[in-house]
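Colleague: sequence first, then the predicted structure:
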Amino acid sequence: MDYKKVFDRFEDRNGFIKTSAPDRRPAPPIDGSQKAALNRKGNILYNSGDIEGARRIFLTTGYSDGLARIGDYYQSQGRDLDALRMYWIAPAKTKAEPIIMRLSALIQKVMHDEEDL
């Protein structure tokens, strides 16, 4: 089976996670008090509905609970790949596993359907 041919069908749908990050300088370390202040600000943004603002802060500080909550929000909006990305970074493996299982089943089905063609 030509797997490249199978996945090329989905090329224009932007459905796969990009696995490389652009080159950039590492952020300077954040001390504990700065991190706590940023996490409080992120929680305020999240609770006020600014999910993307909160996401940026939680990614900067590495606040795993906040990242998992962002993942929960994305999942409630049907954005499973974005949710998976947040769960993976958090890391929240128990929340990521059901999404991974669904995506695995979907990929297996696509590959099986391609074999039947």
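Modeller: Nice, I can see it.

Colleague: give me the pLDDT for residue 70.
Modeller: pLDDT, the model's per-residue confidence, is 98 for residue 70.

Colleague: was I right to think it contacts residue 55?
Modeller: Yes. Residue 70 lies in contact with residue 55 (Cβ atoms under 8 Å); the separation is 4.9 Å. C-beta: built from backbone N, CA, C; applies to glycine.

Colleague: and these two? which has more neighbours close in?
Modeller: residue 70 (27 against 22; other Cβ atoms under 10 Å).

Colleague: can you give me the helices for this protein?
Modeller: 3-8, 32-47, 51-61, 64-76, 80-89, 93-116 (DSSP state H).

Colleague: kindly format the C-alpha coordinates of the last one as CSV.
Modeller: These are the backbone C-alpha positions of helix 93-116, laid out as CSV (Å, rounded to 0.1, in the frame of the first residue of the first chain):
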residue,chain,number,x,y,z
LYS,A,93,-2.0,11.6,29.5
THR,A,94,-5.3,10.3,30.8
LYS,A,95,-7.1,13.1,28.9
ALA,A,96,-5.0,12.7,25.8
GLU,A,97,-5.4,8.9,25.5
PRO,A,98,-9.1,8.9,24.4
ILE,A,99,-8.4,11.4,21.7
ILE,A,100,-5.3,9.4,20.6
MET,A,101,-7.5,6.2,20.5
ARG,A,102,-10.1,7.9,18.3
LEU,A,103,-7.5,9.3,15.9
SER,A,104,-5.8,5.9,15.7
ALA,A,105,-9.1,4.2,14.9
LEU,A,106,-9.8,6.9,12.2
ILE,A,107,-6.4,6.4,10.6
GLN,A,108,-6.8,2.6,10.6
LYS,A,109,-10.3,3.0,9.0
VAL,A,110,-8.9,5.3,6.3
MET,A,111,-6.0,2.9,5.6
HIS,A,112,-8.4,0.0,5.5
ASP,A,113,-10.8,1.8,3.2
GLU,A,114,-7.9,2.7,0.9
GLU,A,115,-7.0,-1.0,0.7
ASP,A,116,-10.5,-1.8,-0.4
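
Colleague: understood, closing this out.
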